[in-house]
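**Student:** attaching a predicted model along with its sequence, questions to come.
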Amino acid sequence: MQHLVRELNHRYRERPALWARDVNPAGFTWLDNQADINLAAFARHGADGEVLVCVANLSPTVHYDHPIGMPQGGRWREVLNTDALAYDGSGVGNLGAVVADGPPLHDQPTSARFTLPPLAVVWFEPEG
């Protein structure tokens, strides 16, 4: 648990999108919210155009090939997965990245397909 909290703190400090616009509605966008499967996804937008996507699967079931609308196309790197083996999780994930090249979805210009680990949160940021 200490290892995960340490990593969360590092990621938080390194990515101003998580905190820079906390009181500004433009800093947050809902991407998906499905209470029936315990899933929530949102984007955080920093002041300098940076963006970070957070997807939470709060069910004990892995969701494979789950589409979620994304704020921009391209490859998105997985920067944190609370189900990683390093945190004594099951190791389910997206092999380090997803590609947002799907059709528009959830009022977003494109979409990506995710493997969502059980009882976990994954964070993604655009590569490049």
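**Tutor:** Sure thing, it's come through. As the structure is a prediction and not an experimental result, all values here were calculated from the model.

**Student:** Q2: neighbouring residues, count only.
**Tutor:** For Q2, the count of nearby residues is 6 (other C-beta atoms under 10 Å). All C-beta spots, glycine's among them, are computed from the backbone N, C-alpha and C.

**Student:** could you tell me the per-residue confidence at it?
**Tutor:** The model reports Q2 with a pLDDT of 86.

**Student:** state the distance from it to G69.
**Tutor:** According to C-beta to C-beta, to the nearest Å, Q2 and G69 sit 35 Å apart.

**Student:** now do the same contact list for G89.
**Tutor:** Taking C-beta atoms under 8 Å, 6 or more residues apart in numbering, we find G89 in contact with N81, T82, D83, P117, A120.

**Student:** now the strands for this structure?
**Tutor:** With DSSP state E as the criterion, the chain has strands at 28-34, 39-45, 51-57, 63-70, 74-81, 97-100, 110-116, 120-126.

**Student:** pretty sure P118 sits against D83.
**Tutor:** Yes - applying C-beta atoms under 8 Å as the test, P118 and D83 come out as touching, 6.9 Å apart.

**Student:** more neighbours, these two?
**Tutor:** D83 (20 against 16).

**Student:** pull the residues that contact the helix or strand of the chain with the lowest mean pLDDT.
**Tutor:** Least confident element among the helices and strands of the chain, by mean pLDDT, DSSP states H and E: helix 2-14 (a mean of 86). Contacts to helix 2-14, defined as C-beta under 8 Å, 6+ apart, come from residues L18, W19, V79, L80, T82, A86, Y87, W123.

**Student:** PyMOL command to pick out the buried ones of those residues?
**Tutor:** Selection of buried members from those for PyMOL, criterion 16 or more other C-beta atoms under 10 Å:
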select buried, resi 18+79+80+82+87+123
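
**Student:** understood, closing this out.
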